[in-house]
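Enquirer: This is a predicted model, with the sequence first.
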Amino acid sequence: MDQRYFLRFESGERKGETIPIPASGLTIGRRPGHTLQITDSSVSGNHAELRIAGGQVLLKDLGSTNGTRVEGQRVQEQRLQPGERLQFGTVELFFGAEESADSGDEIRLESADEPTAPVRPAAPAARPAAQPAARPAAQPAARPAAQPAARPAAQPAARPAAQPAASSEVPSDYLPAAELLEGPAELGRVSAERLARSAKVSRPGLVVVALALLGGGVWYWLQGQQGGSEQRSRPVEPVIGNLLSEDYSFEGERDSWSGVEGAPQAFLRNVAAAYSGDYGLSCDLGTQEWARTRSKLVSIGDDKELVASAQLRARGGVRVRLGLEFSQGLADESARLEPITIFARPIEGGAYERVEWSTNVPPGYDRARLVVDARAETGAGSAAFDDASVLMRGKAPAPAAELGEARLFVLGEPAAYGLFARGGTLGISALELREGAEQPPLSLEASAEQTRFRLVPSGTGSFSQLRLRVDGALAGRGMATLGMPAAGMASSAGGAGAAKPAEAGFRSHGASGFERENVARVLLGSGRDLVTLEAGVPMRVRALREDKALVLQIDCPQAKALTLQVDFREERKSAQDLAATARAAEKKGELGSCIQQWSALLDSYPFEEPLVREAEEVRARLVQQGLGELRELGQSLERARFFQLPELFEQCRVQMTAVAQRYARSEVERATEEQMQAMETELSGSRARLRARELERLQAILGALEGSGSKGLAEQVRRAITAQQGGQ
């Protein structure tokens, strides 16, 4: 008989939906355009395909991230048998077949062309216990009462009259093999579709086969129970107030936990992973592989404390950790903060261990979900977890440090994850101190000191790298840095005009990425939202724009503490004083002093946005004005050099001296001095050439006078030559 194949969703939002497989086959993936689009995040954009050839169905993985599995085994390419269970990522489907017409006593599924949905193997709870005995002898082909719409009413009469005994003499305690083998372990399940292939086997024969398969399935299940170190008889204990509701112990159909895009492996439901009840979730990892799964999103309050817990187990070289991912449910996606994830300490070892930790809800976030992350860092192994819960308790504990509306949180277990917020607005997240790029985050201690927060590693240690993410409005207002002044060099507000190195001083970077070395301070945002970072040592800052956030990695060797200044009232008063002095100096024509005061404001007190803007504009205008005057004098110098005009050289020198005085202790003064030095070199060369020519002329005159016997005149020329040779 011809067969028609179908897929039926066994989990997820589409659970129960049946998809016929056309003769042309199916392509499967998360992206639009596939003949079977599955939008679950664990499914890759191009995941797999099904092809029908020679009456068989071939399944092929298309290089998916989370893999394609048949009966729990990951495959690349495999021919399918009806009754097998498939997994694309974490989405489970049943592969079945339908016969195109009746065939005597064959066990048969309805055709896809019938008006009702294809018949699905019933779960044990869906069939009343007394149903087999209630089957009337006069209805040899009738379906159980639980499925009245599965076959048209007139169809039983179409069965040949000579075959009534084939089904009417079934013992009252008979159950179909598919029902006998369905149980909580879901191991050794035999579907009616598989039994249909043995068309001539009698009912008693089917029972014998089913019982044999049942025995094998029970033996396999018991082996799985004995294979773990924990007893499987432990009952599931409900957790009152668990926000994960029925999804905490995985005893029902799995339809809310999902993997993440890009993970090389995925957590799957498994009897061998159960801590209590029949199921847990587990994954097998090769060296350097990882897997992550997440629960459904639950609503939370931002002034509450969350408590996350689960039974975790890691084997081999695997470490597994429990985390909470926070996100926002705003309708406007452009206004949402990026999700953040905070973890508890990782566990290692072979036995289940209960992990429980509590945390504040980060400001502005109103949704959360549990996360389990496993990584094979030192070798292959496995990870498992069970009995997960998220509880929302009373008012959240106070933050680690507070200054007015500014709050600093230190979260995680151990407390190694810093968050900064002003009021109810998050500004900095994922703040971590590390000993090195490959080292884990250090446990943090926070304190408040007048106008700033202070973060230090627990104990007396140091750190060499700082990582953080600038979020929301703070990221959109841009960044700036202050370079370290060179050793032994006077500050901009100091005395004599020493040269200012290009890497020192204030530099604005806007809201884009940048890299800068020898940084003394990092400025985030502006106005009342301004925050500055200092480590007490020169820093190398690298900033990368990621969507709406800025991610910073700062190298600061042997730093002892990180300072976050949030109050700048005193600094703003000093900036106002410098601005007033600069404006007065410009009115007096003391342009160098004006530039100097604005430079001091930028380098020491760049904390008032209007003043910073004014300082940058006035400095740029005056510097360009002074350099323009120098360019005009440079043209006169070129004319003096070309035509060898010492008098013009002298005029240029006087004019340049005046420019240098007006722009004293500024970039213009330094440029003037450089140009005057070049001019003096040119002028000295010109004078030397003139003296040489004059000596030649006097020598010729002396020779003529001596030849004519004019001794008196000759003596005067000799004295002139002597004076010229002496440089007088």
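Expert: That came in fine, so what should we check first?

Enquirer: for stretch 651-660, which positions count as buried?
Expert: Across stretch 651-660, burial judged by 16 or more other C-beta atoms under 10 Å covers 652, 655-656, 659-660. In short, each C-beta sits where N, CA and C put it, glycine included.

Enquirer: er, stretch 608-624 I mean
Expert: Those would be 608, 611-612, 614-616, 618-619, 622-623, for stretch 608-624 by 16+ other C-beta under 10 Å.

Enquirer: Quick one: neighbours of Glu629, just the number.
Expert: The number of residues packed around Glu629, counting by other C-beta atoms under 10 Å, is 17.

Enquirer: Ile28 and Glu49 touch, don't they?
Expert: Yes - counting by C-beta atoms under 8 Å, Ile28 does reach Glu49; the two are 6.5 Å apart.

Enquirer: Between the two, which is the more surrounded one?
Expert: Shown here are Ile28 and Glu49; by other C-beta under 10 Å, Ile28 has more neighbours (27 against 20).

Enquirer: Look up how far Asp61 lies from that one.
Expert: In this view, Ile28 and Asp61 are 10 Å apart by C-beta to C-beta, to the nearest Å.

Enquirer: again with Phe453
Expert: 51 Å.

Enquirer: still on that earlier bit, what sits in contact with each of Ile28 and Asp61?
Expert: 47-48 (C-beta atoms under 8 Å, 6 or more residues apart in numbering).

Enquirer: re earlier: please name whichever of the buried residues of stretch 651-660 scores lowest on pLDDT.
Expert: The member of those with the lowest pLDDT is Cys652, at 82.

Enquirer: Could you list which residues are in contact with that one?
Expert: Counting by C-beta under 8 Å, 6+ apart, Cys652 makes contact with 633, 636-637, 640, 679.

Enquirer: These in helices, which ones?
Expert: For those, the ones inside helices are 633, 636-637, 640, 679, with DSSP state H as the criterion.

Enquirer: Buried subset of those as a PyMOL selection?
Expert: To isolate the buried subset of the ones in helices among the contacts of Cys652 in PyMOL, counting by 16+ other C-beta under 10 Å, use the following:
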select buried, resi 633+636+637+640+679
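
Enquirer: Tell me how far Val566 lies from Phe453.
Expert: Distance of Val566 to Phe453, computed by C-beta to C-beta: 7 Å.

Enquirer: so what sits against both of these two?
Expert: Common contact partners of Val566 and Phe453 (C-beta under 8 Å, 6+ apart): 403, 406.

Enquirer: about what we covered before: I'd like the buried residues of stretch 608-624 written out as TSV, with distance to Ala579, secondary structure and pLDDT added.
Expert: Shown next, in TSV, are these (distance: C-beta to C-beta, whole Å; DSSP: H, G, I helix; E, B strand; the rest coil; pLDDT from 0 to 100):
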residue	distance to Ala579	secondary structure	pLDDT
Glu608	8	coil	86
Leu611	5	helix	92
Val612	10	helix	90
Glu614	7	helix	94
Ala615	7	helix	93
Glu616	12	helix	90
Val618	9	helix	95
Arg619	12	helix	91
Leu622	14	helix	93
Val623	17	helix	92
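
Enquirer: Distance to Phe94 for these - can I get that in CSV?
Expert: Converted to CSV, these look like this (distance: C-beta to C-beta, whole Å):
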residue, distance to Phe94
Glu608, 67
Leu611, 70
Val612, 66
Glu614, 72
Ala615, 71
Glu616, 68
Val618, 75
Arg619, 73
Leu622, 79
Val623, 76
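
Enquirer: from those, which is closest to Gly381?
Expert: Val612 (54.8 Å; C-beta to C-beta).

Enquirer: who does the strand or helix carrying Arg631 touch, helix- and strand-wise?
Expert: If you go by DSSP states H and E, Arg631 is part of helix 609-643. Applying 3 or more C-beta pairs under 8 Å, 6 or more residues apart in numbering; DSSP states H and E, we find helix 609-643 packed against helix 569-587, helix 591-604, helix 646-662, helix 667-708.

Enquirer: Give me whichever of those is most buried.
Expert: Among those, the stretch with the highest mean neighbour count (mean count of other C-beta atoms under 10 Å) is helix 591-604, at a mean of 24.

Enquirer: which residues are in contact with it?
Expert: With contact meaning C-beta under 8 Å, 6+ apart, helix 591-604 is reached by 482, 491-493, 504-506, 571, 574-575, 578-579, 581-583, 585-586, 611-612, 614-616, 618-619, 622-623, 625-626, 661-669.

Enquirer: what sits against Asp247?
Expert: Applying C-beta under 8 Å, 6+ apart, the residues contacting Asp247 are 254, 256-257, 295-296.

Enquirer: how about 6 Å then?
Expert: Asp247 makes contact with Ser256, according to C-beta atoms under 6 Å, 6 or more residues apart in numbering.

Enquirer: And for Glu586?
Expert: Contact analysis of Glu586 by C-beta under 6 Å, 6+ apart lists Cys594.

Enquirer: pLDDT wise, what is it at?
Expert: For Glu586, pLDDT reads 93.

Enquirer: Give me the below-cutoff pLDDT ranges for the chain.
Expert: Counting by pLDDT under 70, the chain contains low-confidence residues at 1, 100-233, 253-255, 460, 486-503, 644, 679, 681-690, 726-728.

Enquirer: just so I have it, where are all the helices in it?
Expert: 165-168, 177-180, 192-195, 203-227, 472-476, 569-587, 591-604, 609-643, 646-662, 667-708, 711-725.

Enquirer: Quick check: which of those is nearest to Gly33?
Expert: The closest of those to Gly33 is helix 192-195. By C-beta to C-beta, the value is 30.5 Å.

Enquirer: just to revisit the earlier point, Phe453 and Asp61 - which one has more neighbours?
Expert: Neighbours were counted for Phe453 and for Asp61 using other C-beta under 10 Å; Phe453 has more, 23 against 19.
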